[in-house]
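A.B. asks: Okay, sequence plus prediction incoming.
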Amino acid sequence: MISIVALLLWGVAALLGTAMLAIAVSRRDSATQLVYGLILGIAALVFLAVSSHLVGDPAGVSAVTLPLGLPWIGAHFRLDALSAFFLVVVNLGGAFASLYGLGYGRHESAPHRVLPFFPAFLAGMNLVVLADDAFTFLLSWEFMSLASWALVMAHHREPDNTRAGYIYLVMASFGTLALLLAFGLLAGPAGTYTFDAMRAAEPTRFVAAAVLALMLLGAGSKAGLVPLHVWLPLAHPAAPSHVSALMSGVMTKVAIYGFIRVIFDLLGEPAWWSGVVVLFLGGLTAVLGILHALMEKDLKRLLAYSTIENIGVIFVSLGLALAFKANAMPSAAALALTAALFHVLNHSFFKSLLFFGAGAVLTATGERNMEKLGGLIHRMPLTSFVFLVGCVSISALPPFNGFVSEWLAFQAILQSPDLPQWGLKVMVPAVGGLLALSAALAAACFVKAFGITFLGRPRSAAMEQVREVDRYSLAAMFALAALCLLAGILPGLVIDGISPVTLSLIGNRMPVQMAQPWLSIVPIAESRSSYNGLLVLVFITISASLAAVVIHRFASHALRRGPAWGCGFPDITPAAQYTAVSFAQPIRRVFGTFAFRAKEKVEMPPPGATGPARLTVEMHDVIWETFYQPIAGAVGYASEKLNRLQFLTIRRYLTLVFLYLVTLLLVLALWP
Amino acid sequence: MNGLTFDIAHLLAGGLVLVSFMMLYQDRLFALINVFALHAVVLALSVAWQAYVQDAHHLYVTAAIALVFKAIVIPVGLHRIIQRLGIHRDIETAVGIGPTMLAGIGLVTLSMVLMLRVTPDADPLAREDLAFALSIILLGLLVMVTRRNAVSQVVGFMSLENGLVLAATGAKGMPLVVEISVAFSILIAFIVIGVFLFRIRERFDSVDVGALDDYRGERR
């Protein structure tokens, strides 16, 4: 009998084989169908294998060591509850992305740049989650980064994509460097690279703090934690849309997996202040991410910024879990960790769905700029419907899934008065406020995304020829929309599915939810709070139907069509509609001054002149200008100066070496 | 170890450093090569003395190699190259003789201070040898960086290698195969550099390495 982890490794091998096959056949017409079909099959099989493992033997651990990699270590792989959960996320996302790719991939201008890397990327993510020693983990991590970089560079001739790829590469290398150092510290002077040995070791407080900082840098830069997020809104939109979905919906989750694996599993007992750090960064990330998303006009960039916000939400929950775990409050810690993992799953659903929707809009219109879209609901009714579902889910509105996980996070926040440290007592409600703010802003942001893109009137003539996208894309989007709803009305199923993870990491779990009557969920006790998605759905359905009936019964026959009042504006062109920028203007007024150093300038023509008045808005990316520009400037200056070293004479090179040697000897001689 | 043995070893190694200093102020190519031959002879004597002292017979082979190749074959070869190429026979220095000598004194002081400090537990003979060897290596490098002429750079390189051999023989138990391979690598380096000299000469009518830099379009 083959062990489950060996089976999964065969799946990874099959994905790598598909990548090889894709290199061979990528120039043929049928290649797209063949490759995506294969990936769909493999990812679905891996998903089935993992979920059957989760259902049948949730606490079971299966490990295998392959004689690969460093000869004295070998490559260790291991499947436990945590990796099984993330494998579900990865392969479900991968399966839907390839289903979508079956249709979307046909419009690909350069399939030979996408097809080989897509399965390799998926294989890399699977390997990261399965890895059980530091060497394998880092190798898989780099493989994942490089494969996704190749996908970002698929359309390298488009303006800005090269820069996006460059920044991504720099940030990915930086992140891996931080991870390398973190694992080096965990391995200790003895250099034990297996996770088992790291788990057994007892790091000192200093080492634990350093590892936490390095993991926040390493995993945080991949996940998009502020201020390491700069590459994300550049790189994610640059890739083809199903890859963007995979990067945003799944790869950021793999980064979170790395963080959880090290901080919750390998590092042992956390210190209470580690929760403060993670909470603060999470709250900051959530608010800044969604503020940037609100200011964005490019649909895919908006989605990428919204990913940053969701990462912030997840990190807030993780910070809470750390704080509770450090204070020996296992049930609260289990609640917070469940909220985090639930949001991981949810975000992979609705962010994939939204990126697919953006991809559908892009294929149909060739446009990502929302200011040129509009009125698509008439031309693409199905796409707009599923996009709306995605928007509602991500805005955390019941009865969809986004609400449940954010609600759980708030339930965990409400446990904070029991914490003993005053720092946490003050910090957690403040972060809760940030979370609430970001949730509200997210709703505004997605009202804008949906409203400007799909509602109103077309803003350019090209919108007239738009047609609905193909059936594969629609199938993928509808399936994800259905999952969003299902996870929203059956949250107990997901929570119970997550419970083996919390049991293994925290040693406790949330109460069994599927035993509750009528699909309710009760995080702590019925007397404190409970939520029933089904009830909300039924209520919304009935009240909305009733309202519709009443309106049609009493008001429809009174419908009149007349000219709309144009506010005194004589020529009502589509340009006179609300735009993305004008929609965000009130929020820019409130937050723009400190978040973007925004300046508005109005130029009024003098009285009597017929020229137009002009409103100019100047905005800055504060984080880019504060952190990155000085570094980039310093590196540029140094390389400018060092460039001269390339053009010395032979004798001067010899002199340099000689002087260097003499200096070293001098240091040695003068060393006390 | 009796005092005389030590004194003779000391004398020979010190003599090598002295000959290295002689290289620093030569401004004629032939004279430089002759000094190099002398360097090799002193090295051969020193190695032979070490072989006698340590009762290590294979070191006689090393001494013979040094004598045959470095004191005879290479200097003769260099003489012939210079004659056949008709190379301009005085050496253009990049740094004046005086400062070079001063720098040389500084380097010898440095290596003495350093070596005597870091090897307090070693055998006194090996200790002195190492200190002298480091001085010779640094002086060889100094010859290389203060001369513009390719031939003198070759000679600097070879004298540097003599320092390595001195260090190797001073340490007991250095296997013969290492020394032979070092000797052969030097010979091969000599051949390669000789070939390069021909090529440079063919192309630029000069073995002043500055010509190479001019060819690359760069300033000195």
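C.D. replies: Sure, I can see it.
A.B. asks: sec struct for the residue of the stretch 451-600 of chain A found nearest chain B, please.
C.D. replies: Of all residues in the stretch 451-600 of chain A, the one sitting closest to chain B is residue A:597 (46.4 Å; C-beta to the nearest C-beta). In this view, the C-beta of every residue, glycine as well, is placed from N, C-alpha and C. Of the three states, residue A:597 takes coil under DSSP: H, G, I helix; E, B strand; the rest coil.
A.B. asks: Surely it and residue A:622 touch.
C.D. replies: Yes: the criterion here is C-beta atoms under 8 Å, and residue A:597 meets it with residue A:622 at 6.1 Å.
A.B. asks: Where does residue A:362 sit: helix, strand or coil?
C.D. replies: Strictly by three-state DSSP, residue A:362 counts as helix.
A.B. asks: Please list the residues outside stretch A:10-17 that contact it.
C.D. replies: With contact meaning C-beta atoms under 8 Å, 6 or more residues apart in numbering or on different chains, stretch A:10-17 is reached by A:38-39, A:42-43, A:45-46, A:49, A:119-120, A:122-123, A:126-127, A:130.
A.B. asks: ok so, going back, now do the phi/psi pair for the residue nearest to the residue of the stretch 451-600 of chain A closest to chain B when sequence neighbours are not counted.
C.D. replies: Of all residues not flanking residue A:597 in the chain, residue A:620 sits nearest, at 4.5 Å (C-beta to C-beta, 6 or more residues apart in numbering or on different chains). In terms of degrees, to the nearest 10, the main-chain angles of residue A:620 are phi -120, psi 140.
A.B. asks: and the gap between residue A:620 and chain B?
C.D. replies: Residue A:620 sits 43 Å away from chain B, going by C-beta to the nearest C-beta, to the nearest Å.
A.B. asks: Run a quick neighbour tally on that residue.
C.D. replies: For residue A:620, the neighbour count with other C-beta atoms under 10 Å in any protein chain shown is 14.
A.B. asks: Equivalent analysis for residue A:576, please.
C.D. replies: Residue A:576, neighbours per other C-beta under 10 Å, totals 12.
A.B. asks: Also residue A:251?
C.D. replies: 27.
A.B. asks: you'd agree residue A:76 is in a strand?
C.D. replies: Yes: Residue A:76: assigned to a strand according to three-state DSSP.
A.B. asks: hang on, it packs against residue A:136?
C.D. replies: Yes: using C-beta under 8 Å, residue A:76 makes contact with residue A:136 at a distance of 6.3 Å.
A.B. asks: Of these two, which one has the most company?
C.D. replies: residue A:136 (27 against 23).
A.B. asks: dump the residue contacts of the more buried one.
C.D. replies: A:69, A:75-77, A:127.
A.B. asks: Those into JSON lines, with extra columns for distance to chain B and pLDDT?
C.D. replies: Output for the contacts of residue A:136, formatted as JSON lines (distance: C-beta to the nearest C-beta, whole Å; pLDDT from 0 to 100):
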{"residue": "A:69", "distance to chain B": "34", "pLDDT": "74"}
{"residue": "A:75", "distance to chain B": "39", "pLDDT": "89"}
{"residue": "A:76", "distance to chain B": "41", "pLDDT": "90"}
{"residue": "A:77", "distance to chain B": "45", "pLDDT": "92"}
{"residue": "A:127", "distance to chain B": "45", "pLDDT": "94"}
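A.B. asks: low-confidence ranges in the chain?
C.D. replies: Assuming you mean chain A. For chain A, residues meeting the criterion pLDDT under 70 lie at A:1, A:566-571.
A.B. asks: that answer is for a different chain, and I need it for chain B
C.D. replies: In chain B (pLDDT under 70), the answer is B:1-2, B:87-88, B:171-181, B:183-184, B:187-188, B:191, B:195, B:198-213, B:215-220.
A.B. asks: Residue nearest the middle of it, spatially speaking?
C.D. replies: residue B:159 (0.6 Å; C-alpha atoms, centre = their mean).
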